[in-house]
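Trainee: Sequence and predicted structure below; questions after.
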Amino acid sequence: MHEPLKLKFMRNIGIMAHIDAGKTTTTERILFYTGKSHRIGEVDDGEATMDWMEQEQDRGITIQSAATTTYWKYGSDRQNPDKREDIYQINIIDTPGHVDFTAEVERSLRVLDGAVTILDAVKGVESQTETVWRQAERYHVPCIGYVNKMDRVGADFFQVLLDVKKKLGIETIAIQLPIGKESGFEGVIDLFSMEELYWEGNEGENVVRSPINSARQDEAKKWRDKLVDSLSAVSDAVTEKFLAGEEISAGFLKDEMRKAVLERKLLPVLTGASRRNMGVQPLIDAVIDYLPAPDETKSTDGHHVKKEEDVNVPCDPQATPLGLVFKIQNDREAGSLCYVRMYSGTIKNGAVLFNVGKRKRERANRILRMHSNKSEPMDQLSAGDIGVIIGMKFAQTGDTIGSEGWPVLLDTMQFPEPVISVSLEPRTISEGDKLKEILEILSREDPTFTAKENEETGQLIISGMGELHLDVLVTKILKDYGLQARSGNPQVTYRESIAKTVERTERFSRVIANKENSAVLTLRLEPFKRGSGNSYACSVNNKGKIPVPIFDAVERGIRGAMASGILLGYQCIDVGVTLTGIEYSELTGTEFAYEACASIGFDEAAKEADPFLLEPIMAVELFVPKEFVGDVLSLVTQRGGQVLSMDSRGESDQVKVTAPMAKMFGFMTALRSVSQGRANFSMEFSHFEKKS
């Protein structure tokens with residue numbers, strides 16, 4: 001068991017990219033070269049350490065983010081004995097690349113300090129790369145880039161640099177150049193040390209450095225000058241040295257590069273071919289060189305629930321404990337594994353914790369350091385570190401844990417709405433209760449998965465982010481939990497909204513248990529711009545004449561009615577409701593009456609406001625060999641798709657379209673049929689649009 005290291009020797013990083021860019025393959029090499037694993041696990045063989053789930057091995061993709069901790073002796077691949085050899089702790093989270101599992105990326109980026117963005121040397125910036133980049137931007141996560149698969153046909157390092165600048169909107173800066181490409185890729189040029197790097201040994205474990213070949217000297221010098229020029233644009237110190245004609249050392253440039261990366265002004269880009277064991281050791285050094293330690297990141301803010309004020313949370317192991325539960329994973333033996341990122345203080349084994357949001361006491365029975373699906377015990381979890389706590393009963397994803405004396409709430413995570421549903425039926429009535437328990441466990445693990453019972457049909461409806469997402473969850477229920485259940489065909493989850501403003505007065509009167517319950521309300525409903533969300537406001541000037549619980553009951557009634565829809569029972573979106581009038585009698589006015597009156601009033605007013613159905617529209621990105629573009633575009637338009645853009649990417653075209661989700665079921669089979677299996681696509685939810 002390793003002793004806790006100082007914060008400056010710690011890195012919390014994520015590996016993020018589009019599906020099949022080589023995230024897990026690169027992570028496997030990192031674990032091998034740092035000594036965490038003794039052999040390289042291959043994704044293609046179903047033996048990757050980080051893809052431990054049976055389904056991940058069967059499908060060859062990452063489904064859920066896996067966490068591990070490894071230790072790297074900085075400079076251990078170097079021949080120069082004067083280089084420092086400090087030992088660094090690197091907490092790594094390998095995230096999924098498929099858009100259906102974007103919530104896994106979201107919650108990982110929320111707690112990470114830095115990220116490695118892996119780019120495919122052939123395909124460049126793909127749709128999910130843009131999605132995860134936006135997520136990283138939202139949480140101000142500094143990044144470095146790594147262009148993988150330089151050994152593939154069509155690889156173009158310099159085109160990828162242009163692609164990143166154009167699509168991600170950040171200044172790229174090459175800190176390595178590839179030597180050769182495709183089958184001729186043999187090494188890289190380090191633009192800091194101005195050396196050539198080659199990899200030797202059965203597993204590429206030996207990095208051999210040599211002077212730059214005379215034939216490549218001019219190209220290397222040109223790109224070294226570009227590196228200095230790009231840095232001088234964001235660093236006055238580099239500009240001053242350059243103008244003074246002073247020699248600019250590699251160490252000085254790295255220090256200035258680090259500052260620029262921490263402020264997200266530059267994206268330094270390295271290159272390699274992870275599958276061929278080339279390029280990974282310098283990437284680990286770059287993680288140490290340019291990505292932040294926990295105390296170097298933008299300081300975390302929280303909200304003090306008692307004082308009703310925002311407070312700054314220092315990254316100090318000696319301060320009051322405060323951490324964020326960013327993931328729940330159910331273990332059959334241990335129960336709920338709560339993945340926690342500590343932002344302040346230290347938690348020890350057996351400590352009593354306080355769940356700030358739920359105002360419940362919890363206990364940390366055991367603390368573990370995870371390595372994929374294996375673990376090792378820890379005595380404590382300190383600020384800046386990531387670990388697993390066993391024993392917490394109430395915790396859910398996004399909960400803040402700390403102490404009652406300092407009840408500070410950290411910002412929670414935002415997850416997208418589920419857009420696709422299937423019905424699930426147990427084979428026998430006796431298994432119905434067991435199925436509900438399993439669905440509850442799964443919805444705790446995955447915030448984008450929901451399960452509810454349809455009151456009219458009695459069916460259990462499960463909802464998720466896409467066909468693959470629900471297929472994975474249904475397979476998990478059948479295989480992992482051994483429950484026999486039938487799933488129905490996928491159904492699109494629609495939404496409802498209104499087209500015009502309506503004001504209505506609703507009267508409610510019922511005699512229940514010989515007591516009259518009455519209420520009178522005037523509501524104004526108005527449509528909002530798409531994507532604005534729902535809102536409720538009260539314009540009644542009360543001045544204490546009507547009890548506050550009555551107003552709370554009105555809001556409950558309206559929000560409940562919004563959730564149950566107007567036409568077909570789908571949730572209402574982008575509707576503004578204002579309470580403009582209320583009549584109250586102390587004798588007959590009850591909370592029940594006002595809640596019921598508000599619900600009925602909303603329903604009746606919405607029916608007068610020209611309600612309509614909204615359907616989910618998907619953003620689809622296709623990579624199509626040029627000879628099949630015409631057939632594929634024809635297929636897309638048959639399914640109601642609209643072409644947004646086309647870009648040439650070597651032998652293939654990158655086509656971006658939008659299409660209704662209802663018409664995209666089974667698209668993969670049709671696409672393979674018209675392209676002889678050579679085209680591929682990715683799809684993510686874009687927006688809701690009025691159903692034609």
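Mentor: Arrived safely, thanks for sending.

Trainee: just how off-centre is stretch 177-189 within its chain?
Mentor: 32 Å (CA atoms, centre = their mean, to the nearest Å).

Trainee: Next, the buried residues of that stretch.
Mentor: Buried positions in stretch 177-189, judged by neighbour count with 16 or more other CB atoms under 10 Å: 177, 178, 179, 181, 185, 186, 187, 188, 189. C-beta: built from backbone N, CA, C; applies to glycine.

Trainee: so what's the third one up against?
Mentor: Same thing as residue 179. Applying CB atoms under 8 Å, 6 or more residues apart in numbering, we find residue 179 in contact with 185, 186, 187, 188, 189, 196, 216.

Trainee: just the fourth one next, same as before
Mentor: Listed by CB under 8 Å, 6+ apart, the contact partners of residue 181 are 121, 150, 151, 155, 156, 157.

Trainee: could you point out which element follows the lowest-mean-pLDDT helix or strand in the chain?
Mentor: Across the helices and strands of the chain, mean confidence by mean pLDDT, DSSP states H and E is lowest for helix 54-59: a mean of 48. Using DSSP states H and E, the helix or strand that follows helix 54-59 in sequence is strand 66-73.

Trainee: and which of the contacts of residue 179 is nearest residue 375?
Mentor: Ranked by distance to residue 375 (CB to CB), the contacts of residue 179 are led by residue 188 at 36.1 Å.

Trainee: quick one: what helix or strand has the closest one in it?
Mentor: strand 187-190.

Trainee: what distance separates that strand from the centre of its chain?
Mentor: That offset, for strand 187-190, works out to 32 Å (CA atoms, centre = their mean).

Trainee: That one pairs with which strands, and in what direction?
Mentor: Paired neighbours of strand 187-190 in the sheet (DSSP bridges): strand 176-179 (antiparallel), strand 195-200 (antiparallel).

Trainee: could I get that strand in CSV with only the CA atoms?
Mentor: Taking C-alpha atoms only, strand 187-190 is exported to CSV below (Å, rounded to 0.1, in the frame of the first residue of the first chain):
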residue,chain,number,x,y,z
GLY,A,187,8.9,7.2,-34.3
VAL,A,188,8.5,10.8,-33.2
ILE,A,189,10.5,14.0,-33.0
ASP,A,190,10.5,15.7,-29.6
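
Trainee: if we can go back for a sec, is it possible to get CSV of the strands paired with strand 187-190 that adds distance to residue 268?
Mentor: Listed next are those as CSV, based on distance: least, CB to CB, whole Å:
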stretch, distance to residue 268
strand 176-179, 9
strand 195-200, 16
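
Trainee: Could you single out the most deeply buried of these?
Mentor: strand 176-179 (a mean of 23; mean count of other CB atoms under 10 Å).

Trainee: pull the CA atoms of that one into CSV?
Mentor: C-alpha atoms of strand 176-179 as CSV (Å, rounded to 0.1, in the frame of the first residue of the first chain):
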residue,chain,number,x,y,z
GLN,A,176,6.0,16.2,-31.3
LEU,A,177,6.2,15.4,-35.0
PRO,A,178,5.6,11.9,-36.5
ILE,A,179,8.5,10.2,-38.3
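
Trainee: Quick one: mean pLDDT over it.
Mentor: The average pLDDT within strand 176-179 is 94.

Trainee: Could you tell me how far it lies from the centre of the chain?
Mentor: 31 Å.

Trainee: on that earlier part again, with distance to residue 295 added, can I get the buried residues of stretch 177-189 in CSV?
Mentor: Converted to CSV, those look like this (distance: CB to CB, whole Å):
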residue, distance to residue 295
177, 34
178, 35
179, 38
181, 40
185, 39
186, 40
187, 36
188, 32
189, 34
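
Trainee: Show me which of those is closest to residue 631.
Mentor: Using CB to CB, residue 181 comes nearest to residue 631 of the buried residues of stretch 177-189, at 30.4 Å.

Trainee: all strands of the stretch 151-300 of the chain, in order?
Mentor: 171-174, 176-179, 187-190, 195-200, 206-211, 266-271, 300-304 (DSSP state E, counting those that start in this stretch).

Trainee: which outside residues touch the fourth one?
Mentor: The list of residues contacting strand 195-200 from outside it, by CB under 8 Å, 6+ apart, reads 176, 179, 186-190, 206-213, 216, 277-279, 282.

Trainee: now stretch 360-376
Mentor: Here stretch 360-376 makes contact (CB under 8 Å, 6+ apart) with 1, 36, 49-50, 52-53, 66-69, 334, 337, 339, 347-355, 377-381, 387-395, 401, 404.

Trainee: Can you point out the buried residues in it?
Mentor: 362, 364, 366, 367, 368, 369, 370, 371, 372, 375.

Trainee: average pLDDT across it?
Mentor: The pLDDT scores in stretch 360-376 average 83.

Trainee: quick one: low-confidence parts of the stretch 451-600 of the chain?
Mentor: Low-confidence segments of the stretch 451-600 of the chain (pLDDT under 70): 454-458, 490, 542-543.

Trainee: Break down it into its helices, ranges please.
Mentor: Ranges of helices within the stretch 451-600 of the chain are 467-479, 548-564, 591-608, based on DSSP state H, counting those that start in this stretch.

Trainee: closest to residue 621 out of those?
Mentor: helix 467-479 (15.5 Å).

Trainee: Which secondary structure elements does that closest one sit against?
Mentor: helix 54-59, strand 420-426, helix 430-445, strand 460-464, strand 485-487 (3 or more CB pairs under 8 Å, 6 or more residues apart in numbering; DSSP states H and E).

Trainee: Redo the ones you listed as JSON lines? Include mean neighbour count and distance to residue 168.
Mentor: Below are the helices and strands packed on helix 467-479 laid out as JSON lines (neighbours: other CB atoms under 10 Å; distance: least, CB to CB, whole Å):
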{"stretch": "helix 54-59", "mean neighbour count": "16", "distance to residue 168": "28"}
{"stretch": "strand 420-426", "mean neighbour count": "19", "distance to residue 168": "28"}
{"stretch": "helix 430-445", "mean neighbour count": "15", "distance to residue 168": "31"}
{"stretch": "strand 460-464", "mean neighbour count": "22", "distance to residue 168": "28"}
{"stretch": "strand 485-487", "mean neighbour count": "16", "distance to residue 168": "38"}
